[in-house]
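Enquirer: curious how this folds, go ahead:
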Amino acid sequence: MAVGFSFQKAKREKIWVKILLNGPSGSGKTYTALRLATGMFSKVGGAGVAAIDTENGRIRYYANEFDFFDLQLTEPYTSESYIEAISAAVDNGFKVLVIDSLSHEWKWLNEVHDKMPGSSFQNWAKLKPRHARLMEKILQSPIHIVATSRGKDDYIMEDKNGKQVPKKVGVGSQQEKDIEYNYTATFNIDQETHVATVAKDNTHIFEGRYDVLNEKDGERLIDWANTGEGEMPKEPVKAPTPVEIPKSDIDSALREINSIFANKIEAGVDKELLYAIVSKHHTSKNFTSIKDVDVACLLYTSPSPRDA
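Expert: Okay, here's the model as predicted:
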């Protein structure tokens, strides 16, 4: 018999909705995101609608139509910068957040990967956890989020007045494969009509519907999210994940700090001064006995011995 496991009757709980809008350039992702967010805000209140903009201020084109507060995120578009920006929105009392767009982070990861030497597989193993932490932040943050993602632009030929003309379409999104399944609902937006087609919908509100999303849809999403018991969930508190430092990096750091001290002594720097510096962070004044990388880092980043 299994010990320590028990089943409970499932109950519908309140949630923070996470929406993803995919589409090619010119499909109206930003405008649609602001319409949804405005509708959400009318239901949940808070400090207002917050917006993280990576499109060089493009979201401000609509500042005369929508009321929102923006944060201009600039290069490099690291996973960590997005995480910090989301935390800032939560800490400042916002309950609705637009992220326009997520594609810059994925593009940055790919650019870093392409510059890394060695095995592609091993390099992705180093980078993917950073992206995973961003996705975890989006999904677990106590805030409603409407994020946009650029489609992978492609062209198809279609008949128009008896002539074959090219039409730009979004094929998937400039994001990790199957990213759409992480969200409460994911939509693909048509470039010409701005009609949203649902790709994944946990709410069942949009199944079989083909229409332009608007403020009322934002309100419907909040009504659905609040159809549950208990309080809105809070972001789980997690112990920090220990960072594994490769042994080669540790050995390199230890060799470097030893080399610095040896060079200083050879250059005529007072040994007692160096010994006093070592003694502040180490059990012995003998720098050659340092085996702890943390001690080595403390010594390396202090004004001395580099400046001694």
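Enquirer: so residue 137 touches residue 83, yeah?
Expert: Yes. Between residue 137 and residue 83 there is a contact under CB atoms under 8 Å: 4.8 Å. C-beta coordinates here come from the backbone N, C-alpha and C atoms, glycine included.
Enquirer: mind listing what's buried along stretch 23-42?
Expert: Neighbour-count burial for stretch 23-42 flags 23-24, 27-41 (criterion: 16 or more other CB atoms under 10 Å).
Enquirer: quick check: residue 194 is in a helix.
Expert: No. Residue 194 is assigned coil when assessed by DSSP: H, G, I helix; E, B strand; the rest coil, not a helix.
Enquirer: now do the same contact list for it.
Expert: 27-28, 31-32, 212 (CB atoms under 8 Å, 6 or more residues apart in numbering).
Enquirer: apply 10 Å and report the result again.
Expert: Residue 194 makes contact with 23, 26-29, 31-32, 211-213, according to CB atoms under 10 Å, 6 or more residues apart in numbering.
Enquirer: ditto for residue 227
Expert: So residue 227 contacts 12-15, 203 (CB under 10 Å, 6+ apart).
Enquirer: can you select the buried ones among those residues for me in ChimeraX?
Expert: Filtering these down to the buried ones (16+ other CB under 10 Å) takes a single ChimeraX command:
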select :15,203
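Enquirer: looking at the contacts of residue 227, which one is closest to residue 61?
Expert: Set against residue 61, the nearest of the contacts of residue 227 by CB to CB is residue 203 (29.3 Å).
Enquirer: and the closest one, what pLDDT?
Expert: We have a pLDDT of 95 for residue 203.
Enquirer: now it: how far from residue 15?
Expert: 10 Å (CB to CB, to the nearest Å).
Enquirer: need the overlap of contacts for those two.
Expert: Contacts common to residue 203 and residue 15, judged by CB under 10 Å, 6+ apart, are 184, 224-225, 227.
Enquirer: can you lay out these as JSON lines showing pLDDT and secondary structure?
Expert: Output for the shared contacts of residue 203 and residue 15, formatted as JSON lines (pLDDT from 0 to 100; DSSP: H, G, I helix; E, B strand; the rest coil):
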{"residue": "184", "pLDDT": "96", "secondary structure": "coil"}
{"residue": "224", "pLDDT": "96", "secondary structure": "helix"}
{"residue": "225", "pLDDT": "96", "secondary structure": "helix"}
{"residue": "227", "pLDDT": "91", "secondary structure": "coil"}
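Enquirer: give me the below-cutoff pLDDT ranges for the stretch 201-308 of the chain.
Expert: Counting by pLDDT under 70, the ranges of the stretch 201-308 of the chain that qualify are 237-257, 274, 277-308.
Enquirer: 90 instead?
Expert: 228-308 (pLDDT under 90).
Enquirer: what do you get for the stretch 51-200 of the chain?
Expert: In the stretch 51-200 of the chain (pLDDT under 90), the answer is 110, 112-128, 150-182, 191-192.
Enquirer: can you show me the strands along it?
Expert: All strands of the stretch 51-200 of the chain, identified by DSSP state E, counting those that start in this stretch, fall at 69-72, 96-100, 144-150, 152-160, 163-171, 185-189, 196-201.
Enquirer: OK, contacts around residue 113?
Expert: Applying CB under 10 Å, 6+ apart to residue 113 gives the contacts 120, 123-124, 126-128.
Enquirer: how much space separates the residue nearest to the spatial centre of the chain from residue 186?
Expert: Nearest to the geometric centre of the chain sits residue 134, at 3.3 Å (CA atoms, centre = their mean). Distance check for residue 134 against residue 186: by CB to CB, it reads 17 Å.
Enquirer: kindly report the same for residue 266.
Expert: 63 Å.
Enquirer: those two: which is more packed in?
Expert: residue 186 (24 against 8; other CB atoms under 10 Å).
Enquirer: thought the more buried one was touching residue 146?
Expert: No. Residue 186 is beyond contact range of residue 146, at 11.2 Å (criterion: CB atoms under 10 Å).
Enquirer: any residues in contact with both of these two?
Expert: Common neighbours of residue 186 and residue 146 (criterion: CB under 10 Å, 6+ apart): 18-21.
Enquirer: residue contacts, the nearest residue to residue 76 once chain neighbours are set aside?
Expert: Excluding the flanking residues, the one nearest residue 76 by CB to CB, 6 or more residues apart in numbering is residue 108, at 5.9 Å. Shown in contact with residue 108 (CB under 10 Å, 6+ apart): 54, 75-79, 81-82, 127, 130-131.
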